[in-house]
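> From the sequence below, what's the structure:
(chains A, B, C and D)
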2 protein chains.
Amino acid sequence: MSIPLAQVFQTPIDFNEKMSGKDSSTEQKIKEAARKVFTMKGYAATRTRDIAEEAGINLALLNYYFRSKEKLFEEIMMERMQQMFGTILPILMDQKSTLENKIDLLSEHYIDMLQENPDLPIFILSELREHPGRIQQSIPVAAILEGSKFFQQIKEHNPKLHPIQFMMALLGMVVFPFAARPIFGQLPSVQEIGFEKLMEDRKKLVSGWAKTILNSTI
Amino acid sequence: MSIPLAQVFQTPIDFNEKMSGKDSSTEQKIKEAARKVFTMKGYAATRTRDIAEEAGINLALLNYYFRSKEKLFEEIMMERMQQMFGTILPILMDQKSTLENKIDLLSEHYIDMLQENPDLPIFILSELREHPGRIQQSIPVAAILEGSKFFQQIKEHNPKLHPIQFMMALLGMVVFPFAARPIFGQLPSVQEIGFEKLMEDRKKLVSGWAKTILNSTI
DNA sequence: AAAAAATTTAAACAAATGATTAAATCGCTG
DNA sequence: CAGCGATTTAATCATTTGTTTAAATTTTTT
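Reported below is the predicted structural model:
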């Protein structure tokens, strides 16, 4: 009964993940499959057997490399959370760029990221509903946001406007279409134009609208 | 082996649900509990035993009244979907009200409804991701929306603006804060003011912003 | 090439979970 | 109040599902 190395050292074989496109390493295959299945179906609806099948590996290998479904999920969740918030925070915290600049960047880069990860929002939001604590674990979004340059700039630009209200509008306009894609995607006119094209156009629209809102005196 | 009446007639005992506040009827107790648990945890994460316990009834009663978890869920899902879309569609389809009027009504009534059902959006969106077909089953939202008076009015008001883009903005500004409440709710300034108060203020903000967007020439 | 270590596999286990059954209880009607 | 149907309960079943085990295979080391 030799204790498997993979459980002793957290990163078993492939110490050099980045170099050499080794998605072919077993661990990476499992992780990739887990990312796909967890993201599509959520934690509760995902069977470890689904992941194993998707990865084309024996079921027991999952536990050999990641000890448990829960542990594997935590790794994926952490990674996806970084992806969800890591894109925005650096833009909002930048001390040099103007407010308008931040809006342009966020609109463009965030839509770009969501185009490549369309089901990220629903995944994050639905997993977060039962475990709201998970956010702080990975990124202290709250603390960072509050004290960000972005908030400061909003207050200066329009003291009447609560930064949170603006933030909700901006993110809502960007993220909601992806979260509600199952609904919007069924509209004939969306299928005609194509969802991707719509989101491409949307970059300019949202940044324009956001700036308009910023200056409105409601 | 007598076949239980509840399974023969779809509505077993309480033919007069509406009259006489009979939440105390067993069927209603189960349905209420199911609504709560399903909405909070989603279909996959919900155990029939959770529902039974929440309803204070024996587990077997659930199957006696609703035959299966799946069947019970479908009833709840249908009901929640009606609630989600039933609030908007009548407003958008109204032939007499102006565009501005529709925006005001939608902003106010939808936020009202969501204040009373804060976890409805995440529930709908996350359940819809795996079964997008469910929408058509309950309401042909797509068809209705496309041909609605609302869309027509948008096109007339601003031919440059794609109605879908505007719809996504409006709904995003209204619905997203609720879907992302686990995140926003952690912000100190949100906890200070209170989420409910913020949403109350938001009615006016969104309707104002939406009208501004409508007239912007981007 | 032999030995050791690491990886992979097939099989099985234990707990969870949706569903069923048969008996008990309740409530109404003749 | 006897009898009958409707409702409720306790117990159990069958399947699913996360995990483990021990043996087989592959890879690395000596």
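
> going forward, measure contacts between C-alpha atoms and count neighbours the same way
Fine.

> Any regions of chain A where pLDDT drops low?
Applying pLDDT under 70 to chain A picks out residues A:1-24.

> Residue in it with the shortest distance to chain B?
Proximity of chain A to chain B (C-alpha to the nearest C-alpha) peaks at residue A:172, 4.4 Å away.

> check contacts around that residue.
By C-alpha atoms under 8 Å, 6 or more residues apart in numbering or on different chains, the contact list for residue A:172 reads B:169, B:172-177.

> mind running it again at 6 Å?
By C-alpha atoms under 6 Å, 6 or more residues apart in numbering or on different chains, the residues touching residue A:172 are B:172-173, B:176.

> where does it land in three-state SS?
helix (DSSP: H, G, I helix; E, B strand; the rest coil).

> Now it. Nearest residue, chain neighbours left out?
If the residues on either side of it in the chain are set aside, residue A:172 comes closest to residue B:172, at 4.4 Å by C-alpha to C-alpha, 6 or more residues apart in numbering or on different chains.

> gap between that neighbour and residue A:116?
Relative to residue A:116, residue B:172 is positioned 20 Å away (C-alpha to C-alpha, to the nearest Å).

> Residue A:189 now?
Using C-alpha to C-alpha, we find residue A:189 at a distance of 22 Å from residue A:116.

> Which of those two has more residues huddled nearby?
The neighbour count for residue A:189 versus residue A:116, taken as other C-alpha atoms under 10 Å in any protein chain shown, is higher for residue A:189 (16 against 11).

> Okay, and the more buried one sits in which element?
Secondary structure from DSSP states H and E places residue A:189 in helix A:188-193.

> What helices and strands are in contact with that helix?
Here helix A:188-193 touches no other helix or strand, going by 3 or more C-alpha pairs under 6 Å, 6 or more residues apart in numbering or on different chains; DSSP states H and E.

> Which residues belonging to that helix are considered buried?
A:189-190 (16 or more other C-alpha atoms under 10 Å in any protein chain shown).

> helices or strands next to the helix or strand following that helix in the packing?
Going down the chain from helix A:188-193, the next helix or strand is helix A:195-215, by DSSP H and E. Applying 3+ C-alpha pairs under 6 Å, 6+ apart, one finds that helix A:195-215 contacts helix A:99-116.

> For chain B, tell me whether the helix it packs on is touching it.
No. Contact of helix A:99-116 with chain B (C-alpha under 6 Å from any C-alpha of the partner chain) is absent, the minimum separation being 13.0 Å.

> Helix or strand for the residue nearest in space to the middle of chain A, just tell me which one.
What sits nearest the mean C-alpha location of chain A, by C-alpha atoms, centre = their mean, is residue A:84, with 2.5 Å. Assigned by DSSP H and E, residue A:84 belongs to helix A:69-86.

> So what touches whichever helix or strand comes after that helix?
Downstream of helix A:69-86, the first helix or strand assigned by DSSP H and E is helix A:89-93. Helix A:89-93 is contacted by residues A:148-150 when judged by C-alpha under 6 Å, 6+ apart.

> can you rerun that using 8 Å?
A:102, A:105-106, A:141, A:144-145, A:148-150.

> Alpha carbons of it, as CSV, please.
C-alpha atoms of helix A:89-93 as CSV (Å, rounded to 0.1, in the frame of the first residue of the first chain):
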residue,chain,number,x,y,z
LEU,A,89,-10.3,44.7,-10.7
PRO,A,90,-7.0,45.7,-12.2
ILE,A,91,-8.9,48.1,-14.6
LEU,A,92,-10.9,49.6,-11.8
MET,A,93,-7.9,50.0,-9.5
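
> quick revisit: what's the angle from the helix holding residue A:84 to helix A:99-116?
140 degrees (axes from the mean of the first three to the mean of the last three C-alpha atoms, to 10 degrees).

> Break chain A down into its structural domains.
Using automatic domain parsing, the domain ranges for chain A come out as A:21-67, A:78-215.

> ok, and does the shortest one reach over to DNA strand D?
In this case it means domain A:21-67. Yes. Domain A:21-67 is in contact with DNA strand D by C-alpha under 7 Å from any atom of the strand, via A:44, A:46-49, A:59-60, A:63-64, A:67.

> show me what contacts residue A:115?
A:196, A:199.

> do you know how far it is from DNA strand C?
Distance, residue A:115 to DNA strand C, by C-alpha to the nearest atom of the strand, to the nearest Å: 33 Å.

> And the host helix or strand of residue A:51, what's buried?
Assigning secondary structure by DSSP H and E places residue A:51 in helix A:48-55. Residues of helix A:48-55 classed as buried by neighbour count (16+ other C-alpha under 10 Å): A:48, A:50-52, A:54-55.

> do stretch A:90-101 as well
A:91-93, A:99.

> what packs against the host helix or strand of residue A:37?
If you go by DSSP H and E, residue A:37 is part of helix A:26-45. The contact analysis (3 or more C-alpha pairs under 8 Å, 6 or more residues apart in numbering or on different chains; DSSP states H and E) places helix A:26-45 against helix A:48-55, helix A:69-86, helix A:120-130, helix B:26-45, helix B:120-130.

> residues in contact with it?
The contact list for helix A:26-45 (C-alpha under 8 Å, 6+ apart) reads A:22-23, A:46, A:50-52, A:54-55, A:57, A:62, A:65, A:72-73, A:76, A:119-120, A:123, A:126-127, B:44-45, B:129-130.

> Recalculate using a threshold of 7 Å.
Helix A:26-45 is touched from outside by A:23, A:46, A:51, A:54-55, A:62, A:65, A:76, A:119-120, A:123, B:44-45, B:130, with contacts defined as C-alpha atoms under 7 Å, 6 or more residues apart in numbering or on different chains.

> List buried residues within these.
A:46, A:51, A:54-55, A:62, A:65, A:76, A:119-120, A:123.

> how about those, which pair is most distant?
A:65 and A:119 (26.0 Å; C-alpha to C-alpha).

> Got the phi and psi for residue A:67?
Here is the backbone geometry of residue A:67 (degrees, to the nearest 10): phi 70, psi -50.
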